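Asker: task: produce atomic coordinates for the following.
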Amino acid sequence: MSSEARVRARRRAARWGAALAGLMAIGCGGNKAADKPTTPRPGGPQAPQAANHCDPSDPRHEVSEYDTSGDEVPDVRKVFLRVGEGTLARLVLVCRESDLNADGRKDVARYYNDEGRPVREEADRNFDGSMDEVTFFQEGQILRQEFDTQGDGKVDTKIFFDGGKPLRAERDMAARSTAESWQPDRWEYYEDGRVVRMGTDVDGDGKVDRWDRDSSLMKRNADVGESPAAASDPA
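Answerer: Here you go, the predicted structure:
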């Protein structure tokens, strides 16, 4: 092996060693179920399973690395699980990690079940080394997204989807939520991808004190004889 090849090999090993260390440190904590309503931080629910799926040392796994930026350093890693035996053996993608800004740390990690369907994706959108966005999937479609917009390691925004489209958002504007209790104080409801009504809890009792609505939508519904969106406002 030439000296130049050895240098490239050392760089490659160092970068992926750092990425794996980052995965163990920031992307795989917690032990709560993905569909529980209280989530202490992005990266918490289902993380141990996700960590196992990305473990390159697992003898059941096969790993492929790719250089998509042309700098001869891999920035995408795919982990496959060997399923079945003999002529029925096949490889199923269970983890995909990407380093988007070439700093040696994973910025996006998507985890799949043993059938190859996505179940969860973690992303570090501001490249500060901490995952601040988590997306949950069900039957291949987005079910929910959770965000840490303040960078304090706690979820403060959740968006719920139906049929792959946003249905409503819940926000903790006053930062009252804890690891044990999700306490939103703003609720936003969507139609055709836009907010049509928004409720705000002003006094922190968990109930809407003020509603703001899309007046143009209300007028359109009234013109065609439809019930206004406010008819089913929650208490």
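Asker: could you use CA atoms for every contact and neighbour count after this?
Answerer: Noted.
Asker: secondary structure class for the closest residue to Arg168 other than its chain neighbours?
Answerer: Nearest non-adjacent residue to Arg168, counting by CA to CA, 6 or more residues apart in numbering: Tyr189, 4.4 Å away. What DSSP: H, G, I helix; E, B strand; the rest coil gives for Tyr189 is strand.
Asker: which element is the residue nearest to Gln138 when sequence neighbours are not counted on?
Answerer: Leaving aside its chain neighbours, Gln138 sits nearest to Val119 (6.5 Å; criterion: CA to CA, 6+ apart). Assigned by DSSP states H and E, Val119 falls within strand 118-123.
Asker: Asn52 too?
Answerer: Asn52 is located in helix 47-53, with elements delineated by DSSP H and E.
Asker: my read is that the residue nearest to Gln138 contacts Arg96, right?
Answerer: No - using CA atoms under 8 Å, Val119 makes no contact with Arg96, being 11.9 Å away.
Asker: re the thing from before, pLDDT (mean, whole number) over the helix holding Asn52?
Answerer: Averaging pLDDT along helix 47-53 yields 58.
Asker: and the next helix or strand past that helix?
Answerer: Immediately after helix 47-53, counting by DSSP H and E, sits strand 61-66.
Asker: partner strands of the following helix or strand past that following strand, parallel or antiparallel?
Answerer: From strand 61-66 onward toward the C-terminus, using DSSP H and E, the following helix or strand is strand 76-83. Its sheet considered, strand 76-83 pairs with strand 61-66 (antiparallel), strand 90-98 (antiparallel) by DSSP bridges.
Asker: could you dump those into a markdown table and include mean pLDDT, distance to Arg105 and mean neighbour count?
Answerer: Output for the strands paired with strand 76-83, formatted as a markdown table (pLDDT from 0 to 100; distance: least, CA to CA, whole Å; neighbours: other CA atoms under 10 Å):
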| stretch | mean pLDDT | distance to Arg105 | mean neighbour count |
| --- | --- | --- | --- |
| strand 61-66 | 92 | 14 | 16 |
| strand 90-98 | 94 | 8 | 21 |
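Asker: looking at those, which is closest to Arg144?
Answerer: Arg144 lies closest to strand 90-98 among the strands paired with strand 76-83, at 19.3 Å (CA to CA).
Asker: for the helix or strand following the closest one, packing partners?
Answerer: Sequence-wise, the next helix or strand downstream of strand 90-98 (DSSP H and E) is strand 108-112. Applying 3 or more CA pairs under 8 Å, 6 or more residues apart in numbering; DSSP states H and E, we find strand 108-112 packed against strand 90-98, strand 118-123.
Asker: helices or strands next to the strand holding Val119 in the packing?
Answerer: Partner elements for strand 118-123 (3+ CA pairs under 8 Å, 6+ apart): strand 108-112, strand 133-138.
Asker: hang on, the earlier thing: turn the strands paired with strand 76-83 into TSV, columns for distance to Gly206.
Answerer: Formatted as TSV, the strands paired with strand 76-83 follow (distance: least, CA to CA, whole Å):
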stretch	distance to Gly206
strand 61-66	47
strand 90-98	38
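Asker: okay but Ala109 is in contact with Val94, surely?
Answerer: No - between Ala109 and Val94 there is no contact under CA under 8 Å: 10.5 Å.
Asker: wait, what's in contact with the nearest residue to Arg77 once chain neighbours are set aside?
Answerer: Counting by CA to CA, 6+ apart, Glu65 is the residue found nearest to Arg77 once chain neighbours are left out, at 4.5 Å. Counting by CA atoms under 8 Å, 6 or more residues apart in numbering, Glu65 touches 74-78.
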